[in-house]
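Trainee: Provided below are the primary sequence and the corresponding predicted coordinates.
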Amino acid sequence: MLVELDRESSLPLYLQISNQIRERIHTGDLPAGTKLPPERRLAAMLGVNRTTIVTAYRELAADGLIEGHVGRGTVVADPDPDSSDAHGLHQIPWNQLFTSTTEVMNDPLIRDTTMISSRPDVISLATGIPSPELYPIELIRGLLDEALHHGGQALLQHCPTEGYEPLRSALGTWMAGEGRPVDPENVLVVAGSQQGLYLLARTLLDPGDLVVIESPTYLGALQVFRAAGARLLPIPVDSAGMRVGMLEDLLARRRPKLIYTLPSFQNPSGATLSLDRRRRLLDLAERYRVPVIEDDPYSVLRYEGPTLPTLYDLDSRGTVIYLSTLSKILFPGFRIGWVAGPNPVIKRLALMKQIVDLDTNPLAQWAVWALLDRGHLRTHVADLQSIYPYRRDLMLDALERHATGLLEWNRPPGGFYIWAKLLDGLRTRDLLPEAARYGVSVAPGESFHVDGEGDSTLRLNFTLPTTDEIEQAIYRLAASIDSLRSARGSGDMRALEAATPIV
Ligand SMILES: Cc1ncc(COP(=O)(O)O)c(C=O)c1O
């Protein structure tokens with residue numbers, strides 16, 4: 001058999017296929033000129049979708065390992081002549097040296113979306129960042145001037161790995177709102193919550209450990225868990241968040257090591273876990289003694305309806321490790337996030353952080369402390385709470401006018417994203433090149449799933465595009481869906497794919 005698939009593995013099937021073929025090419029098992037099975041046949045042999053094989057072959061072709069020839073099919077390519085220099089000496093075969101961990105980051109769908117989104121003629125609804133025109137630049141300039149003037153030397157040295165003490169304390173107060181502040185001993189400042197996730201995975205997971213995740217869930221978490229060699233147990237999300245009713249069975253039968261959840265205005269679906277489900281989730285986690293990672297960048301960006309307590313607020317037994325960030329309510333460039341949890345966890349994470357980067361940028365920590373301490377962040381968030389729902393409603397209105405009958409979508413009461421679904425069985429990966437041709441990009445929902453689900457879903461960000469761009473972007477999106485529909489009607493999907501090569 002050319003390839004053996006492990007359906008229990010968290011590594012996507014196409015990567016398992018491309019990795020194994022790559023390995024056999026490198027070992028000489030498949031020499032140059034070897035004919036590979038046609039996509040459709042290999043798909044039937046392995047019992048997978050044809051697009052899985054197309055994606056795997058695309059990966060290998062992008063690395064120059066295979067090539068397609070009209071009439072000859074797909075064959076193993078001749079070795080790259082550039083791999084030896086003018087003296088015939090061989091250069092280092094980098095592709096053979098990279099670890100399998102880096103392979104999991106190599107999602108062509110994401111790579112294509114990122115490439116398309118950065119084109120100047122494209123309005124990106126794919127990116128999940130706050131609007132740069134709202135960054136409080138003057139305020140930050142003043143704070144950095146002040147910091148360098150008064151504390152310059154100290155703030156340009158190292159600081160404790162756990163974080164600048166006043167900031168740990170201010171974050172504890174910020175989290176608690178009107179309640180009792182979280183003790184600074186329970187707070188670790190990290191270089192963005194992505195680093196917090198990485199540290200948690202490195203500290204709590206061994207290869208093969210099971211992690212309960214939501215389906216869909218945050219792409220960056222999938223990448224971290226996959227890189228840690230974890231096996232993922234997806235639980236579907238509906239409009240009230242994770243379907244907690246399905247959790248007990250998994251906890252009892254599979255004994256997972258962790259539960260990872262985004263209870264508030266989830267990325268990507270915008271769903272929020274109901275209070276009832278929050279209590280039930282916590283109760284189950286306590287009963288089965290499984291820690292919960294609560295990833296919460298968005299809960300303060302609530303635009304309507306009553307505020308819900310976080311899982312961390314509801315937890316009285318130290319079951320929840322909380323993660324948040326300034327990236328969505330200020331800007332991502334300072335790279336300041338934090339983890340809150342039981343002190344032994346914080347201490348162990350700090351040891352791991354020491355290996356990774358020693359400490360987080362002290363100047364940025366000081367500026368964030370000042371923003372919190374002087375109430376600026378509160379005011380800034382209040383501004384966002386009046387601007388973003390306006391943008392969301394503009395997008396909903398534009399969807400109503402242009403995309404009725406083409407898409408279904410939700411109305412999130414907070415956060416950054418509208419979650420949509422293409423009708424009539426159209427797939428988002430087919431839409432992406434067509435949307436690019438019309439000058440718009442969206443985040444493909446498939447990339448937020450691990451189980452091959454969600455291929456007709458897409459995530460639309462409403463915070464980054466300006467008000468003018470929102471109308472234009474939805475108009476273009478609807479036109480591209482229309483065009484995709486017509487192409488399907490005429491059986492001309494191939495011509496359409498060829499029109500805009502995105503790989
Ligand atoms: C759910 C979630 N967690 C973590 C992050 C990472 O944020 P940061 O910029 O703090 O690393 C993001 C950013 O998109 C996110 O949506």
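Mentor: Yes, it's here.
Trainee: CA atoms for contacts and neighbours, from now on please.
Mentor: Will do.
Trainee: Tell me the confidence at the closest residue to the ligand within the stretch 351-500 of the chain?
Mentor: Distances between the stretch 351-500 of the chain and the ligand by C-alpha to the nearest ligand atom are smallest at Phe416, namely 9.0 Å. What the model reports as pLDDT for Phe416 is 98.
Trainee: just checking, it touches Arg459?
Mentor: No. Using C-alpha atoms under 8 Å, Phe416 is not in contact with Arg459; the gap is 9.7 Å.
Trainee: Next, the buried residues of stretch 238-253.
Mentor: Asp238, Ala240, Gly241, Met242, Arg243, Val244, Leu247, Glu248, Leu251 (16 or more other C-alpha atoms under 10 Å).
Trainee: got it, and stretch 59-78?
Mentor: Buried-residue list, stretch 59-78, by 16+ other C-alpha under 10 Å: Glu59, Leu60, Ala61, Leu65, Ile66, Glu67, Gly68, Thr74, Val75, Val76, Ala77.
Trainee: In JSON lines, list the residues you listed along with distance to the ligand.
Mentor: Shown next, in JSON lines, are these (distance: C-alpha to the nearest ligand atom, whole Å):
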{"residue": "Glu59", "distance to the ligand": "25"}
{"residue": "Leu60", "distance to the ligand": "29"}
{"residue": "Ala61", "distance to the ligand": "30"}
{"residue": "Leu65", "distance to the ligand": "33"}
{"residue": "Ile66", "distance to the ligand": "35"}
{"residue": "Glu67", "distance to the ligand": "36"}
{"residue": "Gly68", "distance to the ligand": "37"}
{"residue": "Thr74", "distance to the ligand": "38"}
{"residue": "Val75", "distance to the ligand": "39"}
{"residue": "Val76", "distance to the ligand": "38"}
{"residue": "Ala77", "distance to the ligand": "38"}
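Trainee: Return the subset of these lying in strands.
Mentor: Taking DSSP state E, the ones among the buried residues of stretch 59-78 that sit in strands are Ile66, Glu67, Gly68, Thr74, Val75, Val76.
Trainee: Just name the closest of those to Leu431, please.
Mentor: Gly68 (23.9 Å; C-alpha to C-alpha).
Trainee: Look up which residues are beta-bridged to the closest one.
Mentor: Counting by DSSP bridges, Gly68 is bridged to Thr74.
Trainee: ok, it touching Ala62?
Mentor: No. The pair Gly68 and Ala62 does not pass the contact test of C-alpha under 8 Å, sitting 11.5 Å apart.
Trainee: picking that back up, make TSV from the buried residues of stretch 238-253 and add pLDDT to it.
Mentor: What follows is the buried residues of stretch 238-253, written out as TSV (pLDDT from 0 to 100):
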residue	pLDDT
Asp238	96
Ala240	96
Gly241	97
Met242	98
Arg243	98
Val244	98
Leu247	97
Glu248	97
Leu251	97
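Trainee: For those, could you give me TSV that also reports distance to the ligand and secondary structure?
Mentor: Formatted as TSV, those follow (distance: C-alpha to the nearest ligand atom, whole Å; DSSP: H, G, I helix; E, B strand; the rest coil):
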residue	distance to the ligand	secondary structure
Asp238	17	strand
Ala240	17	coil
Gly241	14	strand
Met242	14	strand
Arg243	18	coil
Val244	19	helix
Leu247	20	helix
Glu248	24	helix
Leu251	23	helix
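Trainee: Can you tell me which of the residues you listed lies closest to Ile293?
Mentor: When the buried residues of stretch 238-253 are compared against Ile293 (criterion: C-alpha to C-alpha), the nearest one is Met242, at 13.5 Å.
Trainee: contacting residues around that closest one?
Mentor: For Met242, the contacting residues are Glu214, Ile235, Pro236, Thr261, Pro263, Leu273, Arg277, by C-alpha atoms under 8 Å, 6 or more residues apart in numbering.
Trainee: Please, a PyMOL command that selects the buried ones among the residues you listed?
Mentor: Buried residues within these, by 16+ other C-alpha under 10 Å, are selected in PyMOL with:
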select buried, resi 214+235+261+263+273+277
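Trainee: Please flag which of the contacts of Met242 sit within strands.
Mentor: Per DSSP E, the subset of these in strands is Glu214, Ile235, Pro236, Thr261.
Trainee: among those residues, which are in reach of the ligand?
Mentor: Among the ones in strands among the contacts of Met242, no residue lies close to the ligand (C-alpha under 6 Å from any ligand atom).
Trainee: Farthest-apart pair in these, please.
Mentor: Pro236 and Thr261 (11.4 Å).
Trainee: can you give me the helices in the stretch 301-450 of the chain?
Mentor: Listed in chain order, the helices of the stretch 301-450 of the chain (DSSP state H, counting those that start in this stretch) span 311-314, 343-357, 362-373, 376-403, 428-438.
Trainee: Tell me which residues of the fourth one come out buried.
Mentor: Same thing as helix 376-403. Neighbour-count burial for helix 376-403, counted by 16+ other C-alpha under 10 Å, picks out 377-378, 380-381, 384-385, 388-392, 394-396, 398-399, 402-403.
Trainee: Next to the ligand, which bits of the stretch 151-300 of the chain? Give me the list.
Mentor: So the stretch 151-300 of the chain meets the ligand at Gly192, Ser193, Gln194, Tyr218, Asn267, Asp295, Pro297 (C-alpha under 6 Å from any ligand atom).
Trainee: same thing but at 5 Å, please
Mentor: Gly192, Ser193, Gln194 (C-alpha under 5 Å from any ligand atom).
Trainee: Could I get those residues in JSON lines, plus columns for pLDDT, secondary structure and neighbour count?
Mentor: JSON lines is the format used below for those (pLDDT from 0 to 100; DSSP: H, G, I helix; E, B strand; the rest coil; neighbours: other C-alpha atoms under 10 Å):
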{"residue": "Gly192", "pLDDT": "97", "secondary structure": "coil", "neighbour count": "22"}
{"residue": "Ser193", "pLDDT": "97", "secondary structure": "helix", "neighbour count": "24"}
{"residue": "Gln194", "pLDDT": "97", "secondary structure": "helix", "neighbour count": "21"}
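Trainee: now, which of these sits nearest Arg111?
Mentor: Of all those, Arg111 sits closest to Gln194, with 18.6 Å by C-alpha to C-alpha.
Trainee: So that closest one is in contact with Tyr218, correct?
Mentor: No. Between Gln194 and Tyr218 there is no contact under C-alpha under 8 Å: 10.5 Å.
Trainee: where does the protein dip in pLDDT?
Mentor: Where the chain drops to pLDDT under 70, the residues are 70, 80-90, 103-106, 491-503.
Trainee: follow-up on the earlier one: sort out which one of the contacts of Met242 lies nearest the ligand for me.
Mentor: So of these, ranked by how close each gets to the ligand (C-alpha to the nearest ligand atom), first place is Thr261, at 8.8 Å.
Trainee: now that closest one, nearest residue through space, not along the chain?
Mentor: Distances taken as C-alpha to C-alpha, 6 or more residues apart in numbering place Glu294 nearest to Thr261, at 5.3 Å, with adjacent residues excluded.
Trainee: my read: that neighbour touches Pro263, true?
Mentor: Yes. Using C-alpha under 8 Å, Glu294 is in contact with Pro263, at 7.1 Å.
Trainee: which residues are common contacts for those two?
Mentor: By C-alpha under 8 Å, 6+ apart, the residues touching both Glu294 and Pro263 are Leu311.
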